[in-house]
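Enquirer: I would like to see how this sequence folds:
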Amino acid sequence: MKLSKALGDAAREARQKASLTQADVAERIGVATEVYGRLERGLLMPSVPTLRRICLALHLSADALLALSSPQPPVWEEPPPPAEQEQPAMRRLLRNVRKLNSTQIRALSLVASTLRREGED
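Expert: Sure thing, here's the model as predicted:
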């Protein structure tokens, strides 16, 4: 789950518990109702000042809104990189790719796509 979606879900839940409408919260934080609706749907990330105003309007800490107060990792937290990236061959490949120009990278991408498709057959 993306951070914007998790934040929107938490804001919606807090707003509903407080028996407020989206229009109520939007007015309190100084944005249009449509903008606040997009925030709740996870389509828009608020700026830090707006995030602070949301917390104040919903009587919610930023930790709670961002799901940081739980001992569990946040649902939006990206998983650690796959183990393949730790392998020496992967590190060498990445080192070489970083030295390529954009034309060479496009060519390499085509080769990789072809190899991947052939591996699926």
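Enquirer: tell me the mean pLDDT over the helix ranked longest in the chain?
Expert: In the chain, taking DSSP state H as the definition, the longest helix is helix 102-120. Averaged across helix 102-120, pLDDT comes to 88.
Enquirer: oh, and call the first residue 659 from now on, that's how I've got it
Expert: In the new count, where the first residue is 659, that last one comes out as helix 760-778.
Enquirer: which residues are in contact with that helix?
Expert: 755, 758 (C-beta atoms under 8 Å, 6 or more residues apart in numbering). In this view, the C-beta of every residue, glycine as well, is placed from N, C-alpha and C.
Enquirer: Convert that helix to PDB, retaining C-alpha atoms only.
Expert: The C-alpha coordinates for helix 760-778 follow below in PDB (Å, rounded to 0.1, in the frame of the first residue of the first chain):
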ATOM      1  CA  SER A 760      21.200   6.800 -22.300                       C
ATOM      2  CA  THR A 761      21.400   5.100 -25.700                       C
ATOM      3  CA  GLN A 762      23.300   2.200 -24.300                       C
ATOM      4  CA  ILE A 763      20.800   1.900 -21.400                       C
ATOM      5  CA  ARG A 764      17.900   1.700 -23.900                       C
ATOM      6  CA  ALA A 765      19.700  -1.000 -25.800                       C
ATOM      7  CA  LEU A 766      20.400  -2.900 -22.600                       C
ATOM      8  CA  SER A 767      16.800  -2.600 -21.600                       C
ATOM      9  CA  LEU A 768      15.700  -4.100 -24.900                       C
ATOM     10  CA  VAL A 769      18.100  -7.000 -24.400                       C
ATOM     11  CA  ALA A 770      16.900  -7.600 -20.800                       C
ATOM     12  CA  SER A 771      13.200  -7.500 -21.900                       C
ATOM     13  CA  THR A 772      13.900 -10.100 -24.700                       C
ATOM     14  CA  LEU A 773      15.800 -12.300 -22.200                       C
ATOM     15  CA  ARG A 774      13.000 -12.100 -19.700                       C
ATOM     16  CA  ARG A 775      10.300 -13.000 -22.400                       C
ATOM     17  CA  GLU A 776      12.400 -15.900 -23.600                       C
ATOM     18  CA  GLY A 777      12.700 -17.100 -20.000                       C
ATOM     19  CA  GLU A 778       8.900 -17.100 -19.700                       C
END
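Enquirer: Alright, calling it a day.
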